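Engineer: Sequence first, then the predicted structure:
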Amino acid sequence: MVTLADVARHAGVSASTVSYVLSGKRSISAPTRERIQHSIDALGYRPHAGARALASSRTDILALMMPLRTGLYMPVMMEIAMAVTTTARSHGYDVLLLTGEEGPEAVRRVEGSAIADGMIVMDVELDDPRLPCLREAERPAVLIGLPTETAGSVDVTDGADAITTADGAGAADPADPADPTDAADPDGLDCVDLDFEAAGARCVEHLAALGHTGIAVLGEPPAVYERGTGFAARTLTGLRAAADAHGVGLLHRPVDGTYAAVAAAVTRVFEERPGTTALVVQNEAAVEPLLALLRHQGRAVPEDVSVVAICPDQVAVHASVPLTAVSVPAQEMGRLAVERLVARLGGEAARGTELIAPRLTERASTGRAPGAGPAAGTQPVADAGPSATARSAEPDLPASPAANPSSADPTEGRRGRGGR
């Protein structure tokens, strides 16, 4: 193994001079630095990470806190983690993944052991117990998510919210974005996230424009709401505010992603609110069970029931009925978090909260509410092709829910689509 002494001999300088060049602690003339760098490259020298950390107080490692908790959709979490890793490598950092549910103790461990230069924190709760430790830490931190804290300046990226058709055409949504001033701007911390409040509002606005007056929401599993996870709570806030603004009835049901749980929840929805003509789904694992259940009940999508999802594009596009959806930009969230943290490590001050403006893409799962008639001034919609659900493709089943909706799972054998 090539050592620092080998580099010094090759460059014709002392070992301490090589060390100063590597650590940057002293000014070394440009010709000497270039000669040492040439020797490093020629010999293939790689500084020992531990020794480099001791010498420079830098590890070139970022800690990613991604607790593996009940109810989380792991494909989305891993997509964010991959974006963090690849972006970090482009800046010369490695990533240390911390998956335990340690809460503040994980922050103290990173801070106390100096195993990383900074922290990226995921699965942020509204009242996150890690915040006090993060504020006190010497190492900078970036949150992917928003706790409920003092209001501050919020930067919504990407300009105006938009509605986009599946072929890529888009038009500015005339509705104002949901007011994000209740979002967090924790002292000394950066936060990046999708504007989930505006995302919830977009779903309701889209359905209300199609004449739907009764909407049910199939939300995340109950455990996600019970621990106050920020993205789920903020989405619900946006949904309710938009429903009130548009005079739309809204019913929310947390649900596990199994066929039995979805069947029980949907059956109850139609029993309690028989006038429901649209569903909003914020639960990726529930997408295929829901579409299978609606087929089994003889409810055509979108002729009888429209469905809008808040999910990654790959879930929406590959569903058995391509879903109108607000995209969860997992890769962009991971990239922005790393870029914020690298900027902090470079000496920049915390910039507060940055929200990614939601984009809704129309696909085959939404249409005019039954009996609502065509929208004023609208053009006929082009044929959606074989991916659209049509009545003629389904058996003539009664419209009422199945007597025993959880007894059979039509999604069996197709779980790969939903990350199961």
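Structural biologist: That came through fine. Numbering: from 1, shown residues only.
Engineer: A helix includes residue 303, no?
Structural biologist: No. Going by DSSP: H, G, I helix; E, B strand; the rest coil, the assignment for residue 303 is coil, not a helix.
Engineer: For this structure, which element, helix or strand, carries the lowest mean pLDDT?
Structural biologist: strand 170-172 (a mean of 40; mean pLDDT, DSSP states H and E).
Engineer: What is the subsequent helix or strand relative to that strand?
Structural biologist: Downstream of strand 170-172, the next assigned helix or strand under DSSP states H and E is strand 190-194.
Engineer: now that following strand: how far from the chain's centre is it?
Structural biologist: Relative to its parent chain, strand 190-194 has a centroid offset of 10 Å by CA atoms, centre = their mean, to the nearest Å.
Engineer: Pairing partners for that strand, with directions?
Structural biologist: Strand 190-194 pairs in its sheet with strand 141-144 (parallel), strand 353-356 (parallel), by DSSP bridges.
Engineer: Which one, of these, ends up nearest to residue 346?
Structural biologist: Closest to residue 346 of the strands paired with strand 190-194 is strand 141-144 (CB to CB; 13.3 Å). All C-beta spots, glycine's among them, are computed from the backbone N, C-alpha and C.
Engineer: for the closest one, what is the average pLDDT?
Structural biologist: Here strand 141-144 scores 96 as its mean pLDDT.
Engineer: that older thread, and among the strands paired with strand 190-194, the most buried is which?
Structural biologist: strand 141-144 (a mean of 28; mean count of other CB atoms under 10 Å).
Engineer: How about residues contacting that one?
Structural biologist: The list of residues contacting strand 141-144 from outside it, by CB atoms under 8 Å, 6 or more residues apart in numbering, reads 80, 107, 118-122, 124, 128, 134, 184, 186, 189-193, 333-334, 337-338, 340-341, 344.
Engineer: Now do the contacts for the closest residue to residue 60 other than its chain neighbours.
Structural biologist: Leaving aside its sequence neighbours, residue 60 sits nearest to residue 93 (CB to CB, 6 or more residues apart in numbering; 5.4 Å). The contact partners of residue 93, by CB under 8 Å, 6+ apart, come to 60-62, 117, 338, 342.
Engineer: Closest to residue 32 out of the residues you listed?
Structural biologist: residue 60 (23.7 Å).
Engineer: these two touch, right, the closest one and residue 95?
Structural biologist: No. Using CB atoms under 8 Å, residue 60 is not in contact with residue 95; the gap is 10.5 Å.
Engineer: now the helices for this protein?
Structural biologist: 4-11, 15-23, 30-43, 49-56, 74-90, 104-113, 131-136, 196-209, 222-226, 230-246, 259-272, 287-296, 313-317, 330-345 (DSSP state H).
Engineer: Mind telling me which of those the model trusts least?
Structural biologist: Averaging pLDDT over each of those puts helix 49-56 lowest, since it has a mean of 52.
Engineer: Find me the pLDDT at residue 70, would you?
Structural biologist: For residue 70, the pLDDT comes out at 78.
Engineer: pretty sure it contacts residue 222?
Structural biologist: No. Using CB under 8 Å, residue 70 makes no contact with residue 222, being 9.4 Å away.
Engineer: Those two: which is more packed in?
Structural biologist: residue 222 (15 against 12; other CB atoms under 10 Å).
Engineer: residues contacting that one?
Structural biologist: The contact partners of residue 222, by CB under 8 Å, 6+ apart, come to 71, 254, 256.
Engineer: most centrally placed residue in this structure?
Structural biologist: Nearest to the geometric centre of the chain sits residue 330, at 4.4 Å (CA atoms, centre = their mean).
Engineer: which non-adjacent residue is nearest it?
Structural biologist: Per CB to CB, 6+ apart, closest to residue 330 is residue 79, 3.9 Å.
Engineer: quick one: contacts for the one you found?
Structural biologist: 312, 330-331, 334.
Engineer: Alright, that wraps it up for me.
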